[in-house]
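>>> A predicted structure for the sequence below; I have some questions about it.
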Amino acid sequence: MIVLRNRVQDKLVEYLQKKLVSLQYDLLVDGSFGPDTHAAVVDFQTKNKLDPDGIVGGDTWTKIYEMTEPARQVTVLSERHTNVMHLHPKVRTAVVKVFVQLQSENIPFRIFEAYRYPQRQAQLYAQGRTKPGNIVTYARPWSSYHQYGLAVDFVLFLNGNWSWDTGATTRGWWNRLHQLGIQEGLMRLDFEVPHLQLAGTSSSALKQGMYPPGADKSWTDNMKMAIG
Ligand SMILES: [Zn+2]
């Protein structure tokens, strides 16, 4: 997947330039992928042992994320969290690729929720059962892939507000989200439109501690904290 090439003009380029500036590259943030930005990307890729092709794809984005948005200390486990660093690297890379591709197509999705602690899952499960409200999940704590950092929810962000609208004007965007997710090794659930999770594993395998290969410190530390 090729996301950004030389001489592409996009809001995403501006975002990339801000990230590179925060990594000490001396760049003008002008939203234009010119020779300076290209040189900075190639330098960044070289220093981080990535393919130095000057194209900002999933691997490069993941590395940029890792270096500019380190996992923060989580204090309130019942809150909604969006930090991709708490996702398993396999899912993190997929999520970043999907997000960047959607941005480049001007489809206004944002990550609504990434890692979800069992405490919050318990609260959500109670909703519509022992607590007021509509049922929002069928998964008890440790039954949702969110508790393993293997799921993400993308929601539309329109005019400053979250939107779950799946009407005629937005249906194509949701379809595109699912299509991109599936391309990156994720799968969807029929009853939760915003949700994508890692394909090729099962809830019972996860409950037995059989996690996908390729774990890193950021994911492992958070899992240890969640398990307690
Ligand atoms: Zn979900």
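Nice, thanks for sending it over.

>>> contacting residues for Ser78?
Applying CB atoms under 8 Å, 6 or more residues apart in numbering, one finds that Ser78 lies in contact with Tyr117, Gln119, Arg120, Gln123. C-beta coordinates here come from the backbone N, C-alpha and C atoms, glycine included.

>>> please repeat the previous calculation with a cut-off of 6 Å.
Gln119, Arg120, Gln123 (CB atoms under 6 Å, 6 or more residues apart in numbering).

>>> tell me which element the residue minimising distance to the centre of the chain falls in.
Averaging the C-alpha coordinates of the chain gives a centre point, and the residue nearest to it by CA atoms, centre = their mean is Val95 (3.8 Å). Remark: Val95 resides in helix 89-104, with elements defined by DSSP states H and E.

>>> picking up where we left off before, and the contacts of Ser78, which are buried?
In terms of neighbour count (16 or more other CB atoms under 10 Å), the buried residues within those are Arg120.

>>> could the contacts of Ser78 be laid out in CSV, adding secondary structure?
Compiled in CSV, the contacts of Ser78 are given as follows (DSSP: H, G, I helix; E, B strand; the rest coil):
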residue, secondary structure
Gln119, helix
Arg120, helix
Gln123, helix
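
>>> between the contacts of Ser78, which is nearest the ion?
Closest to the ion out of the contacts of Ser78 is Arg120 (11.4 Å), distances taken as CB to the ion.

>>> pLDDT score assigned to that closest one?
Here the pLDDT value assigned to Arg120 is 95.

>>> who's in contact with it?
When contacts are counted by CB under 6 Å, 6+ apart, Arg120 is found next to Ser78.

>>> one more time with 10 Å
Contacts of Arg120 were listed using CB atoms under 10 Å, 6 or more residues apart in numbering, and they are Val76, Leu77, Ser78, Glu79, Arg80, His81, Glu113, Pro141, Ser144, His146, Gln147.

>>> got phi/psi on the residue of the chain at minimum distance from the ion?
Residue nearest to the ion within the chain: His195 (3.4 Å; CB to the ion). Geometry field for His195 lists phi and psi as phi -90, psi 130, criterion degrees, to the nearest 10.
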